[in-house]
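In: Provided below for reference: sequence and predicted model.
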Amino acid sequence: MTETVLAVLNQPSREAAAHDPAADAFTYQAPLGTNLQVQDLGIIRGDGVFETITVVDGRPQALEAHLDRFVRSARMLDLPLPDLDAWRRAVEAVCAELDPVHEAFAKTVMTRGVEGSDRPTGWVYAAASGDSTPARTQGISVVTLDRGYRHDVERTSPWLLQGAKSLSYAVNMAALREAARRGADDALFVSSDGYVLEGTRANLVMAVGGRLVTPRTDIGILAGTTQADVFRFAEAEGIETAYELVTMADLRAADALWLVSSVRQAAPIRLVNGDEQAMDLDLTEQMNEFLLSRES
C-alpha cells in the first residue's frame, strides 16, 4: 500500500548546482524519514514557495497553471527559478506511485536551502485528500478579519510578498484559529481600507445579479488556479465573469458566495459573521462536477 509518496529533487533549479551531480533528477524517500537539514531556511524562516495540486484518479489537475504560479512566487522571493521539466516529471511520478484513490493532492515545495549553500531544496509529496463532501454540500461559515494592510499594498510595499504563495503561512493559520475561536470554519481577510480580499487558503467568488465576481488580483492576494477554472466553467455556461474591487457592502449584497481552492474545490458560504447567507447549491454542484472532471 502506497498511501503517501515523497520525491526529493536533486536539482530543483537549473540556476543552482545539483545536490549530487551523479544522481537522478529525483529520488523517492520515506515521507517520515530524515529528509531535511535543521538549518534549511524553509524551516527556520519560512523562506520558500509551494503549491497544492488537486489529483483526481491519478491525474494532476491544472498542473501547468500551478507550475506557472510556482515560478511567479519564486521570482517574487528572488529564489532560483524552478526547473519546470524536473518538477513536472516529479509531480507526475508521485501521482502514478500513489495508491488509486478518487481524490488526492500533490504538494510542491521549494526552499532557499541551507544558508550559504546556494542550492535550493525541493520535494513533491502526495497523499489522499480528506472528505470535503460536507463543505461542498452543506456550506461553511466564515468571519471577516482585518489583514492590517491597505488594498494597494502589493504596489506600495512589494517586499511584504502579498500575492506570493510562500511558506510563511503563520498569519493564515493564526487567522484560521481565530475563526475557530469565533465558531466559524474559515476567515475572509479584509484590507485596512475596507476591501474584501481572500480566504486563509482560498479565493472568494460571488454571484451578483447573474454574474460571477471575484476580487481583483492586483490588490495583494493570490491569483487562484481554482478560481480561474471556475470562471472558465462560467464562461462556457454563458455566465459573465468579472474581477472587481469588493467592499463589505458588496459582500453582504451578494446573491451567493463561495470559497474556492484546490482539494476542497467550491465550498458555498452559509454564514458570514453569524448572518445567514443564501446558497446556490445547484450551481455549486455544477462547479464541483466541472472542477473534478478537468483534464488539464
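Out: That came through fine. Worth saying up front: this structure is predicted, and the values here are computed from it rather than measured.

In: which SSE is residue 221 in?
Out: Using DSSP states H and E, residue 221 sits in no helix or strand.

In: show me the contacts for it.
Out: 162-163, 189, 197-198, 203, 215 (C-beta atoms under 8 Å, 6 or more residues apart in numbering). All C-beta atoms are positioned from the backbone trio N, CA, C, and that covers glycine.

In: so how many other residues sit close to residue 184?
Out: The tally of other residues near residue 184 (other C-beta atoms under 10 Å) stands at 21.

In: That one: what secondary structure?
Out: coil (DSSP: H, G, I helix; E, B strand; the rest coil).

In: Retrieve the pLDDT associated with it.
Out: Model confidence at residue 184, given as pLDDT, is 98.

In: Roughly how far does it sit from residue 170?
Out: Remark: distance between residue 184 and residue 170 (C-beta to C-beta, to the nearest Å) = 19 Å.

In: same deal with residue 130?
Out: 22 Å.

In: re the thing from before, taking the contacts of residue 221, tell me the two that lie furthest apart.
Out: 162 and 203 (14.0 Å; C-beta to C-beta).

In: Looking at those two, which is more packed in?
Out: residue 203 (23 against 20).

In: Quick check: bridge partners of that one?
Out: residue 260 (DSSP bridges).

In: got a list of what it touches?
Out: Counting by C-beta under 8 Å, 6+ apart, residue 203 has contacts 214-215, 221-222, 224, 226-227, 259-261.

In: Give me the residues contacting the helix or strand that residue 134 is a member of.
Out: For residue 134, the host element (DSSP H and E) is helix 133-138. Contacts with helix 133-138, where a contact means C-beta under 8 Å, 6+ apart, come from 185, 264-268, 270, 281, 284, 288.

In: Give me the next element, helix or strand, following that helix.
Out: strand 140-146.

In: Kindly tell me how buried residue 115 is, as a neighbour count.
Out: 12.

In: can you count the residues close to the closest residue to residue 141 other than its chain neighbours?
Out: Sequence neighbours aside, residue 271 is the residue nearest to residue 141 in space, at 3.8 Å (criterion: C-beta to C-beta, 6 or more residues apart in numbering). Using other C-beta under 10 Å, residue 271 is surrounded by 16 other residues.

In: how about residue 271, phi and psi?
Out: phi -140, psi 140 (degrees, to the nearest 10).

In: Hmm, residue 277 and it touching each other?
Out: Yes - counting by C-beta atoms under 8 Å, residue 271 touches residue 277, with 6.2 Å between them.

In: Run through the strands of the stretch 151-296 of the chain in chain order.
Out: Along the stretch 151-296 of the chain, the segments classed as strands by DSSP state E, counting those that start in this stretch run 186-190, 196-199, 203-208, 211-215, 241-244, 256-261, 265-272, 275-276.

In: So what are the sheet partners of the shortest one and their directions?
Out: With DSSP bridges as the criterion, the sheet partners recorded for strand 275-276 are strand 265-272 (antiparallel).

In: where does the protein have low pLDDT?
Out: Low-confidence segments of the chain (pLDDT under 70): 1.

In: what comes up buried for stretch 77-90?
Out: 77, 79-83, 86-90 (16 or more other C-beta atoms under 10 Å).

In: Ignore what I typed, I meant stretch 280-291.
Out: With the criterion 16+ other C-beta under 10 Å, stretch 280-291 contains buried residues 283-284, 287-288, 290-291.

In: between the residues you listed, which is closest to residue 113?
Out: residue 291 (34.3 Å).

In: dump the residue contacts of the closest one.
Out: 54, 61, 226, 229-230, 233, 265-266.

In: mind redoing it with 10 Å?
Out: Neighbouring residues of residue 291 by C-beta atoms under 10 Å, 6 or more residues apart in numbering: 54, 56, 61-62, 136, 226, 229-230, 232-233, 260, 262, 265-266.

In: Distance check, it against residue 61.
Out: Distance from residue 291 to residue 61, by C-beta to C-beta: 8 Å.
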